[in-house]
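Student: Predicted coordinates and the sequence they were generated for:
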Amino acid sequence: MQPIHLAGIDYTILLAYVAFVIGIGWMLSRYMKTSADFLTSARSIPTWVTGLAFISANLGALELVGMAASGAKYGISTAHFYWVGAIPAMIFLAVFMMPFYYGSKARSVPEYLKMRFDERVRALNSVAFAVMTIFASGISMNALAKLLNQLLGWDYNVALWVCSGVVLLYVLKGGLTSAIYTEVLQFFMIVLGFAPVVYLGLKDVGGWHAMNHSLQAVAVDPAALYLKPAGISYAPDAWTSAWTPVLAGPAHNPMGVDWFAMIFGLGFVLSFGYWCTNFLVVQRAMAAKNMTAARNTPLVAAVPKMFFPFLVILPGMIAAALMTMPDKNYRIPPPILSSATYAKAIDAVKSANPADASAAVTAVSSSLGTKVDAERITSLVAANAANKLSDEQIKQGLYNSIAENDYDSVILSLVKKYCPAGLLGLALTALLASFMSGMAGNVTAFNTVFTYDLYQAYFAKGKSDHHYFMAGKVVTVAGIALSILAAYFASMFNNCMDVIQLVFGFVNAPLFATFLLGMFWKRTTATGAFIGLFGGIFSSALFHALTTTPGNLDSAGHVVNIAKGGYLHVVSVFPSEMAQNFWLASFAFTACLGLTLVISLATQSMKTDADLKGLVYSLTPKIVDNNQPWFQRPAIVGIVLLIACVILNVIFW
Amino acid sequence: MGLDIRWPIGLMFTLIGALLVINGAVVKSDHAISLGININLIWGIVLLVFGVLMLMGANKGRKNPPSA
């Protein structure tokens, strides 16, 4: 994508945001007196604030960018990540799990695991989580610095250090409260910053119905937009119906998934695993001021979350629809190529012989290093031969004939297309805000787990609270420094990052089985949980080593990239990576569940019923909330939200 | 925590809203990009209203602090 030029007003808005977040940190710093104030907000924050922070912590920039990308690639089915995935899991967390997290007085998810099981389970979970948060924040910061570099021409290093510095300033001053408050600010920035872009885009394609109509053409011939290889065709509703294409089977929807993997793999295992056990989001609810507020946090979050697809997925669908309208002069940006590469390709066009079309196409394609649209190259070469084109015209022609899409630029390309100076600053600030609060969220989860679950538990037991307060601050600085290192690592070894994320997938996939058994079956033993977890991690790694996707097999049937699986032996080939991922999670969950069950039955529990009070469902007094108004009773609100979610599924069936 | 988050939210959006309104009112040049709509002016007003509502909420909260 071509660089964006910011005007004075855009920079003013950006600076105003930065000034406000640092100001919030400053204002909060005088309330930071104990380690609990700094690391857990001393459980004092109102529900609507923790609720909005709860979704904001998840709505990192990568999610924002990724959802728009998937909206273009897969259409409305992407909303399953919300309507099948997130919402039911958030309701389950509120109604069933929050009472144990909040009621046990645990300060973190690993600490709950220690209370319920033993040190081994805590150590495994906290080490994995600490490493994961650092890499997650590094990946996000690398993406931010790269974006600022490519789009605004800022220096990569300066962008990385300045943005990290801003995060450090406000997190170090105001701790978790700072991070939560900024997340709320970011929530409004994103909603108010992107809503006008979605509105203008939808207006431009002629409204909802006109967009759906255009997307029918996309579904019938996705190759025309370079969305799929040539020859693939779906039913006309593949981009605009959420369920019909999925129910028709993996060959009939662009995601390549079947309904079982969608409901069990995504809806149950992956989503519940993420929303109910990931301390990054759970921490927001644990900072609430009382049990009711803690349980209502995910419910408050579920309301806007339900409608987020219209803000984050719709832009992708708009982009795909725009591409079918030649007069809009829009395409999803191709991968970013250097001007040297373009110069080489321009020479190739100039020196090509229009009589030999296929040689011209090959020459241009090899100088660009991407797939190209043969027809467009042929006519570009012919046009240049007939009537000398300027370099700029040829470059534009090349840009339009690259037959690959850089889906991650969808959202920004729309911002650029529709936003005048002013609104542009607002939308970019919203994006920047979500990157920075993504880092802040990870760092505040990291410092709590590191300080309480690793430092206090294994390195410095029984010190004064002031000691841990200071430790928390040191860990915060260290966390940011490590994130910066991780960002450089990500920028240098992109493939290693894929492998690292893969490994985290293995570690996380079985985790929900451990929580489910631990919370609802008092007979679950620590040894069962520990071995079950390891078994689950091992089985997901094994599953990955034995399966792959068609795209990862060369013509001889050999595996191309080991990060995409199948390196031991190819037992099964899934139609898409998403299907492989959903099935992997389902498999790991089942393995962990089975192993934990069997080993728990074979081993002696070290905990008495009294030990497990407040930690296990059957041994914890039920929360009586009959005296509360209905809208404060999680079970009732949860049912209302579930019904709303079902209605959304039916509307977009 | 002693800081009501509605203050900074309200102040920030009032400020950004005002900036956009002024920009939309003064700079008449290029509305073609936003489909002929003076989106800065309209959206500036939306942000301004949102910001002022937040400030009013914060002000009300200051007069009657919540019990819990």
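Tutor: It's in.
Student: Which parts of chain B are helices?
Tutor: B:6-26, B:39-63 (DSSP state H).
Student: neighbours around A:Ser366, how many?
Tutor: Using other Cβ atoms under 10 Å in any protein chain shown, the number of residues around A:Ser366 comes to 13. The C-beta positions use only the backbone N, C-alpha and C, and glycine is treated the same way.
Student: Contact partners for it?
Tutor: Under the criterion of Cβ atoms under 8 Å, 6 or more residues apart in numbering or on different chains, A:Ser366 has no neighbours.
Student: For it, give its distance to A:Ala360.
Tutor: 11 Å (Cβ to Cβ, to the nearest Å).
Student: hey, where'd the strands end up in chain A?
Tutor: Assigned by DSSP state E, the strands in chain A fall at A:547-548, A:572-573.
Student: Pick the most buried one from the ones you listed.
Tutor: Most buried of the strands of chain A by mean neighbour count (mean count of other Cβ atoms under 10 Å in any protein chain shown) is strand A:547-548; its value is a mean of 24.
Student: about what we covered before: go through the helices of chain B and pick out the most buried.
Tutor: On a mean-neighbour basis (criterion: mean count of other Cβ under 10 Å), the most buried of these is helix B:6-26, at a mean of 20.
Student: and it, does that touch chain A?
Tutor: Yes: part of helix B:6-26 sits near chain A under the criterion Cβ under 8 Å from any Cβ of the partner chain, namely B:8-9, B:11-13, B:15-16, B:19-20, B:23-24.
Student: Go through the strands of chain A and name the closest to chain B.
Tutor: strand A:547-548 (45.1 Å; Cβ to the nearest Cβ).
Student: for the closest one, packing partners?
Tutor: Counting contacts by 3 or more Cβ pairs under 8 Å, 6 or more residues apart in numbering or on different chains; DSSP states H and E, strand A:547-548 is packed against strand A:572-573, helix A:577-602.
Student: Can you pull the poorly scored residue ranges out of chain B?
Tutor: Residues of chain B meeting the criterion pLDDT under 70: B:1-2, B:28-30, B:64-68.
Student: which residues touch the residue nearest to A:Tyr102 when sequence neighbours are not counted?
Tutor: In space, and not counting its chain neighbours, A:Tyr102 is closest to A:Ala294: 4.1 Å by Cβ to Cβ, 6 or more residues apart in numbering or on different chains. By Cβ under 8 Å, 6+ apart, the contact set of A:Ala294 is A:50, A:98, A:101-102, A:285-286, A:288.
Student: among these, which two are most distant?
Tutor: The largest separation in those, counting by Cβ to Cβ, is between A:Thr50 and A:Tyr101 at 12.8 Å.
Student: can you give me phi and psi for the residue of chain A found nearest chain B?
Tutor: Per Cβ to the nearest Cβ, the residue of chain A with the smallest distance to chain B is A:Gly422, at 4.3 Å. Main-chain torsions, A:Gly422, degrees, to the nearest 10: phi 110, psi -80.
Student: how near is it to A:Gln216?
Tutor: Counting by Cβ to Cβ, the gap from A:Gly422 to A:Gln216 is 36 Å.
Student: between those two, who's got more neighbours?
Tutor: Neighbour comparison, A:Gly422 and A:Gln216: the larger count goes to A:Gly422, with 28 against 17 (by other Cβ under 10 Å).
Student: thought the more buried one was touching B:Leu20?
Tutor: Yes: with contacts counted by Cβ atoms under 8 Å, A:Gly422 reaches B:Leu20, the gap being 5.1 Å.
Student: and for the two, which residues touch both?
Tutor: With Cβ under 8 Å, 6+ apart, A:Gly422 and B:Leu20 have common neighbours A:9, B:40, B:44.
Student: Would you state the helices of the stretch 101-250 of chain A in chain order?
Tutor: Under the criterion DSSP state H, counting those that start in this stretch, the stretch 101-250 of chain A contains helices at A:109-116, A:119-152, A:156-204, A:207-220, A:244-247.
Student: Pick the most deeply packed of these.
Tutor: The most buried one of the helices of the stretch 101-250 of chain A (mean count of other Cβ under 10 Å) is helix A:109-116, showing a mean of 24.
Student: Give me the mean pLDDT for that helix.
Tutor: In this model, helix A:109-116 has a mean pLDDT of 89.
Student: quick one: contacts for residue 48?
Tutor: With no chain named, the answer covers chain A. Counted by Cβ under 8 Å, 6+ apart, A:Trp48 has contacts A:Val300.
Student: wrong one, chain B
Tutor: Counted by Cβ under 8 Å, 6+ apart, B:Leu48 has contacts B:13-14, B:17-18, B:21.
Student: now, which of those sits nearest A:Ala529?
Tutor: When those are compared against A:Ala529 (criterion: Cβ to Cβ), the nearest one is B:Phe13, at 47.0 Å.
Student: who's in contact with the closest one?
Tutor: Per Cβ under 8 Å, 6+ apart, neighbours of B:Phe13: A:188, A:192, B:47-48, B:50-51, B:54.
Student: try A:Ser464
Tutor: For A:Ser464, the contact set (Cβ under 8 Å, 6+ apart) is empty.
Student: Dihedrals phi and psi, it?
Tutor: phi -70, psi 160.
Student: any idea how far A:Thr34 is from it?
Tutor: For A:Ser464 relative to A:Thr34 (Cβ to Cβ), the value is 10 Å.
Student: Over to A:Lys350?
Tutor: Using Cβ to Cβ, we find A:Lys350 at a distance of 70 Å from A:Thr34.
Student: Check A:Pro309 too.
Tutor: Here A:Pro309 is placed at a distance of 41 Å from A:Thr34 (Cβ to Cβ).
Student: more crowded one of those two?
Tutor: The residue with more neighbours, out of A:Pro309 and A:Thr34, is A:Pro309; 22 against 14, by other Cβ under 10 Å.
Student: Can you tell me, leaving aside adjacent residues, what's nearest to that one?
Tutor: A:Ala79 (4.1 Å).
Student: So what touches stretch A:246-263?
Tutor: A:73-75, A:77, A:80, A:84, A:219, A:222, A:227-228, A:234-235, A:238-239, A:245, A:266, A:574-576, A:578-579, A:582-583, A:586.
Student: how far is that stretch from where the chain is centred?
Tutor: Distance of stretch A:246-263 from its chain centroid, counting by Cα atoms, centre = their mean, to the nearest Å, is 21 Å.
Student: Ok, stretch A:588-596 next?
Tutor: 25 Å.
Student: Same question for stretch A:195-213.
Tutor: Counting by Cα atoms, centre = their mean, stretch A:195-213 comes out at 25 Å from the chain centroid.
Student: How about residues contacting that stretch?
Tutor: In contact with stretch A:195-213 (Cβ under 8 Å, 6+ apart) are residues A:214, A:240, A:310-311, A:314-315, A:317-319, A:321-322, A:325, A:328, A:414-415, A:417-419, A:423, A:427, B:34-35, B:37, B:39, B:43.
Student: Just the buried ones from these?
Tutor: A:214, A:240, A:311, A:314-315, A:317-319, A:321-322, A:414-415, A:417-419, A:423, A:427, B:34, B:37, B:39, B:43 (16 or more other Cβ atoms under 10 Å in any protein chain shown).
Student: Which of those fall in helices?
Tutor: Per DSSP H, those map to helices at A:214, A:311, A:314-315, A:317-319, A:321-322, A:414-415, A:417-418, A:423, A:427, B:39, B:43.
Student: What distance do you get for A:Ile411 to A:Thr370?
Tutor: Taking Cβ to Cβ, one finds A:Ile411 at 22 Å from A:Thr370.
Student: more crowded one of those two?
Tutor: A:Ile411 (27 against 18).
Student: Report how many residues lie close to the nearest residue to that one once chain neighbours are set aside.
Tutor: Distances taken as Cβ to Cβ, 6+ apart put A:Ala68 closest to A:Ile411, at 4.1 Å, once the chain neighbours are dropped. When counting by other Cβ under 10 Å, one arrives at 30 neighbours for A:Ala68.
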